[in-house]
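1. 3D model of this:
(one chain, ligands or ions: 2)
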Amino acid sequence: MLIFVKCSGLQLRFASVCIGWYGSGRAGLFYFYFLLLLQYYGRVIMFEIPESVKVWSQFGHPVLMWVLLGLSLYALYLGVQIRRTRSAEGEAKKELIKGKFNNRHYQMGSLVLALMVLGSIGGMAITYLNNGKLFVGPHLLAGLGMTGLIATSAALSPLMQKGQDWARYTHIVLNLAIVGLFGWQAVTGMQIVQRILERMAG
Ligand code: HEM
Ligand code: HEM
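-> Residues are numbered from 1 along each chain as shown. Ligands and ions are numbered 1, 2, ... in the order given. Modelled structure (predicted):
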């Protein structure tokens, strides 16, 4: 018997000659179901995202990233307060401890980490959907670099909590590099936004 499944959206052709085997009980039946599933998912993948959704989604990433820049600066402020709390003495220290800056920084840092990883992947996905390719330029490379740096910086958390000073200083250096690169991303990102707007107008 010959089974032929064609999922034209993917140009995926799946031909199978299973004379004898198809008829041989359970294995053949599972194979048949597998082919049906393939046909079904082939159709799902063929679903086209509407043009307007594709075009407007290009503004989601810049908006998210401006919010994230604000959150990163807030995380920096909370981190500086942790240092102030540690070095303060007497009444001033008691007051600062009430701020629970270490907890708040950890929570804000975790949010920044998650949004940066998802935002970066999202930026690439949207670029790919709209252009059929990625642009290996400063924005992509700095973006991927920042995503790697923040993962490394967050991975130092257990060591910082054990009181390792080298981990604290590494964390600070990595995050200052991230904040600096963020400024650069905002400039190159807005240049891309401008190009998208020009393309939409023309
Ligand atoms: C833009 C992002 C960030 C900046 C600017 C930043 C900055 C800082 C600074 C200045 C400190 C104080 C270091 C010290 O104790 O001397 C600190 C501590 C710390 N950060 Fe971050 N950080 C960022 C993101 C993160 C992330 C993503 C995580 C983890 C998910 C994280 C977890 C921690 C922890 C656990 C500490 C130690 C707190 C303590 O001593 O109890 N930070 N950070
Ligand atoms: C305010 C800051 C930012 C703005 C305004 C911005 C804007 C943009 C725009 C308009 C695109 C192109 C989307 C498209 O073509 O459909 C893009 C792509 C991208 N963005 Fe951002 N972005 C910013 C920050 C960031 C940050 C912080 C990261 C990473 C941590 C990042 C990572 C990426 C990546 C990886 C791409 C895909 C680039 C490519 O493949 O060509 N962006 N961004």
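2. Counting neighbours, what do you get for residue 152?
-> Residues within reach of residue 152, counting by other Cβ atoms under 10 Å, total 11. (C-beta placed from N, C-alpha, C; glycine too.)
3. For the residue positioned nearest the centre of the chain, give me the pLDDT.
-> Residue closest to the mean C-alpha point of the chain, counted by Cα atoms, centre = their mean, is residue 118 at 2.2 Å. pLDDT, residue 118: 98.
4. again, but for residue 184
-> 97.
5. Please name the residues that touch it.
-> 138, 142 (Cβ atoms under 8 Å, 6 or more residues apart in numbering).
6. If we use 6 Å, what do you get?
-> Shown in contact with residue 184 (Cβ atoms under 6 Å, 6 or more residues apart in numbering): residue 142.
7. quick one: the host helix or strand of it to chain centroid distance?
-> In this structure, residue 184 sits in helix 165-201 according to DSSP states H and E. Distance of helix 165-201 from the chain centroid (Cα atoms, centre = their mean, to the nearest Å) equals 14 Å.
8. Would you mark the buried spots in that helix?
-> If you call a residue buried by 16 or more other Cβ atoms under 10 Å, then helix 165-201 has these buried ones: 167-168, 170-172, 174-175, 178, 182, 185, 189, 192.
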